[in-house]
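I would like to see how this sequence folds:
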Amino acid sequence: KTVCKDKRPKDRTIKNKAPYRLSGVDAMMRDIYQNGPIAVSMYLANDFPPKDKKSIYVSGPNTKLSGGHAVMIVGWGEENGVPYWDCANTYGTNWGDHGYFRIKRGSNELKIETWPGAALPIASDSQPETPSNGTISVETDKTYIAGYEVAISYKDIATPAELQLKSEAGAATSLVKLTSSSGTARVTIPRDTTAGTYYLTTKAGDAKSARFSLLPYFTLAFDKASYEGKKGESITLRFTTSLQTPCKLMSGSSVLLELNKGVQSCAVPSSLSSGRHTLTLTTTNTIPTLSASVLLIIEEKHDETAVITITAPTAGAKVMALAESMRVSYTTTGKSGNLLLQAYCGDKLKDVLAAGLSSSGSIDIRLPSAYGDCSAVYLRLRSESSPFVYADVGPLNVMSYSYLTDDLPAPSDKDEPTPDPDPQPDPEPEPEPEPEPTPDPTGDVALSISEPSAQTVWTPGGAVTIRWTSNLTASNEVTILLYELVGSKNYLRHTFTRTAPNTGLYTDTLPASIPSGPSYFVRLRSSNPMFTNTSENFAVKASKYLIRDFPDATALGDPLSFTISRYGFALLSSTEAILYHGDARWRRSLHTWMRPRER
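Residues are numbered from 1 along each chain as shown. A predicted model of the protein is given here:
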């Protein structure tokens with residue numbers, strides 16, 4: 001606010017000449033800038049000074065004026081969009097803000113802009129004490145960028161002062177007026193300033209900063225908002241203009257690349273994982289630090305080099321649902337792994353007809369009679385390991401088939417008399433096994449099952465693989481259980497092991513007695529500390545099985561019931577079968593119906 005020292009040992013009188021009046025805010029500001037503080041008269045008021053000594057005084061509707069007073073205006077400024085006068089009172093440093101106050105400029109608060117006056121000092125033989133040079137601070141190890149607001153710290157500056165930017169050639173650009181001897185000024189170096197070496201100084205030249213480098217105005221931006229690619233492939237990011245200074249490409253707090261000046265594109269490191277990433281490009285060692293962000297989506301790369309070809313049937317082929325079998329023949333090239341045969345009605349998946357098929361060959365299937373209601377049946381042969389590798393055939397002309405009762409030959413009484421219909425007894429309810437206890441996890445230990453997944457299909461009697469990841473040591477033993485979800489209840493179907501080492505991999509054979517079902521899951525439980533997690537639901541399907549005539553037979557309580565319009569024979573197991581005639585059915589032992597040579 002002032003460089004004069006309080007309590008000088010010797011008083012000195014300053015004389016002046018030719019006092020004059022000032023008219024208007026602009027004239028007051030100009031005189032302060034050219035000649036120093038001016039004198040003004042003002043009213044006192046009931047709400048002056050403000051309770052917050054550092055705030056800007058503004059009168060209100062309840063302001064009441066009282067006696068007159070005289071003060072000096074020593075400078076001006078603006079805070080949060082409010083212009084103000086910086087005033088020195090005559091009450092000493094214990095009043096207000098160390099003897100000073102601020103009042104709104106331009107609205108004639110308390111009539112402070114009504115009677116301003118000034119006078120020119122008369123030169124004196126006695127010279128005033130020369131103030132010490134102040135300091136202006138800049139960061140010399142960084143490069144400044146024109147056109148952006150920056151903070152400049154200064155200390156012990158003789159005020160009022162004009163802060164200027166000067167080049168080595170001596171050209172000066174005014175930046176801001178300083179009204180306090182110490183503080184921080186927010187300045188913006190003009191955008192059109194050329195690159196070079198500069199320093200900051202006051203107009204009087206009594207304080208200078210160190211020299212620093214300046215870059216012309218520029219911006220950072222990518223040429224589009226997002227990029228997409230596949231893992232392992234080269235993904236190139238491009239910038240709207242070449243880089244004007246070294247930059248860093250970052251993902252979160254990790255530095256991916258250090259980029260040199262002049263670069264206009266860069267390749268994303270192939271080590272970046274699949275998923276969504278927000279990448280940030282930032283300038284290095286600049287004031288201010290500029291940045292730009294972009295969204296990068298990396299998809300998991302699938303083996304699309306394999307090609308599956310269905311050679312039979314062809315589109316438009318006719319087939320009788322249930323009554324006729326249909327041969328599906330196919331070939332593959334490349335690495336497709338095991339194949340999965342699916343049936344679609346239009347774009348809706350209806351069923352998985354077969355799983356675990358070899359890479360080339362053929363299979364005979366029978367479509368359920370309900371497929372006759374679909375006007376667009378398609379078959380899809382899909383790779384189990386690469387879901388994006390598949391082949392379709394269709395639409396197929398699937399027709400429902402039925403026999404007339406009059407066309408059926410009468411059963412022969414000579415060889416085997418037709419047994420009397422024997423109502424099939426209700427199946428005895430299967431006892432519910434005791435559910436496995438689900439312990440509460442202790443500690444934040446990751447135990448995540450990656451295989452089996454929702455796309456997995458296990459075959460009874462076939463080999464199975466279970467994979468998981470864990471933060472536990474390999475010496476920790478893992479229990480592996482197989483559950484089936486039936487309705488809202490879980491049933492334990494098989495215990496693979498209770499002492500598997502925590503290696504993340506377990507292989508075994510699925511018992512042939514495990515029934516087919518759409519909702520199985522694997523449960524893993526570590527021993528110490530105890531932590532439990534489950535896999536996604538997956539299907540268990542036999543490699544050869546009967547196709548039910550209606551899909552809700554299980555809900556009716558008879559999991560192998562069929563309704564067909566002719567006599568027939570259906571195998572239940574190695575010892576039981578069902579004989580059909582019309583809509584009647586009989587369940588008997590094979591030993592009852594077959595001669596010894598036919599068993």
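
just the C-alphas of the helix or strand hosting Leu296, formatted as PDB.
In this structure, Leu296 sits in strand 291-299 according to DSSP states H and E. This file holds the C-alpha atoms of strand 291-299, laid out as PDB (Å, rounded to 0.1, in the frame of the first residue of the first chain):
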ATOM      1  CA  SER A 291      -4.600 -30.800 -21.700                       C
ATOM      2  CA  ALA A 292      -7.000 -32.600 -24.000                       C
ATOM      3  CA  SER A 293      -8.900 -35.900 -23.500                       C
ATOM      4  CA  VAL A 294     -10.200 -38.600 -25.800                       C
ATOM      5  CA  LEU A 295     -12.100 -41.900 -25.300                       C
ATOM      6  CA  LEU A 296     -10.400 -45.100 -26.500                       C
ATOM      7  CA  ILE A 297     -12.400 -48.300 -26.800                       C
ATOM      8  CA  ILE A 298     -10.300 -51.500 -27.200                       C
ATOM      9  CA  GLU A 299     -12.200 -54.700 -28.100                       C
END
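
relative to Tyr371, how far out is the nearest residue to Ile189 once chain neighbours are set aside?
Excluding the flanking residues, the one nearest Ile189 by Cβ to Cβ, 6 or more residues apart in numbering is Ala146, at 4.6 Å. From N, CA and C alone the C-beta is placed, and that goes for glycine too. From Ala146 across to Tyr371, the span is 73 Å (Cβ to Cβ, to the nearest Å).

contacting residues for the spatially closest residue to Thr188 that is not a sequence neighbour?
Among residues not flanking Thr188 along the chain, Glu149 sits closest, at 4.8 Å (Cβ to Cβ, 6+ apart). Contact analysis of Glu149 by Cβ atoms under 8 Å, 6 or more residues apart in numbering lists 186-188, 288.

measure Glu149 to Ser174 for me?
Computed with Cβ to Cβ, the distance linking Glu149 and Ser174 is 16 Å.

sorry, back to before: could I get the contacts of Glu149 in JSON lines, plus columns for distance to Leu505?
Shown next, in JSON lines, are these (distance: Cβ to Cβ, whole Å):
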{"residue": "Arg186", "distance to Leu505": "62"}
{"residue": "Val187", "distance to Leu505": "64"}
{"residue": "Thr188", "distance to Leu505": "62"}
{"residue": "Pro288", "distance to Leu505": "52"}
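
the helices in this structure, which residues?
25-35, 590-593 (DSSP state H).

which strands or helices does the biggest strand by length in the chain pack on?
Criterion DSSP state E: the longest strand present in the chain is strand 65-79. Packing partners of strand 65-79 (3 or more Cβ pairs under 8 Å, 6 or more residues apart in numbering; DSSP states H and E): helix 25-35, strand 38-45, strand 82-88, strand 172-178.

burial count for the residue lying closest to Ile38 once chain neighbours are set aside?
Distances taken as Cβ to Cβ, 6+ apart place Ala118 nearest to Ile38, at 4.4 Å, with adjacent residues excluded. Residues lying near Ala118 (other Cβ atoms under 10 Å) number 23.

Ala118 and Asn108, how far apart?
From Ala118 to Asn108 the distance is 18 Å (Cβ to Cβ).

now swap in Pro50 and tell me
17 Å.

same check, this time on Thr184
Thr184 sits 30 Å away from Asn108 when distances are taken as Cβ to Cβ.

same deal with Ser55?
19 Å.
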